[in-house]
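K.L.:
sequence and predicted structure below; questions after.
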Amino acid sequence: MHQNHTSGLVAFTKAEIGTQLARMNLVHVSIDEPDDRYWVVGGSFIEERMRENWLEAERPTEVRLIEQSSPSPGSASTSTGVEPGKVVVTLRPGETARVVAVYHGQDSDGFKVKLADGTEGLILAGDTFKVVTR
């Protein structure tokens, strides 16, 4: 049986899948990875005003300051105008942060979040959290 070589080169992490689903407003998400080649994803769509996405730390998760960036002169940058700064707090497993927006940076993707104390920051995509809906 001939296997398609390029299919093995296309791979996503659990965090990347969660980011993609959040962009699509899929809520009550469950992501199962029965083996290293397959994902089983479930969820539902509901009205935007009824949904709030949260990130729940599964391992220590860094929240970084939001720093303004300016494109270099003559560049055709499509950057968001913000970049991750220094770490302001590290969430412990079980702690949560409310998702305010999805962040697409030049070198990384993640979420803009708001903490219970009002602090806003960026959590970069990684395998340290899961997306939950309340």
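P.N.:
That came in fine, so what should we check first? Numbers count the residues shown, from 1 in each chain.

K.L.:
tell me where this protein is predicted with low confidence.
P.N.:
Within the chain, the stretches with pLDDT under 70 are 1-11, 22-30, 36-39, 42-50, 69-82.

K.L.:
kindly recompute the last result at 50.
P.N.:
1, 75-79 (pLDDT under 50).

K.L.:
all helices for it, in order.
P.N.:
14-23 (DSSP state H).

K.L.:
in it, mark out all the strands, start to finish.
P.N.:
Using DSSP state E, the strands of the chain run over 26-35, 38-45, 53-57, 61-68, 82-91, 96-104, 109-114, 120-124, 129-133.

K.L.:
export the ones you listed to JSON lines and tack on distance to Thr19 and mean neighbour count?
P.N.:
For every residue, glycine as well, the C-beta is placed using N, CA and C. JSON lines is the format used below for those (distance: least, C-beta to C-beta, whole Å; neighbours: other C-beta atoms under 10 Å):
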{"stretch": "strand 26-35", "distance to Thr19": "11", "mean neighbour count": "13"}
{"stretch": "strand 38-45", "distance to Thr19": "13", "mean neighbour count": "11"}
{"stretch": "strand 53-57", "distance to Thr19": "10", "mean neighbour count": "19"}
{"stretch": "strand 61-68", "distance to Thr19": "14", "mean neighbour count": "17"}
{"stretch": "strand 82-91", "distance to Thr19": "15", "mean neighbour count": "15"}
{"stretch": "strand 96-104", "distance to Thr19": "7", "mean neighbour count": "18"}
{"stretch": "strand 109-114", "distance to Thr19": "6", "mean neighbour count": "20"}
{"stretch": "strand 120-124", "distance to Thr19": "10", "mean neighbour count": "21"}
{"stretch": "strand 129-133", "distance to Thr19": "8", "mean neighbour count": "20"}
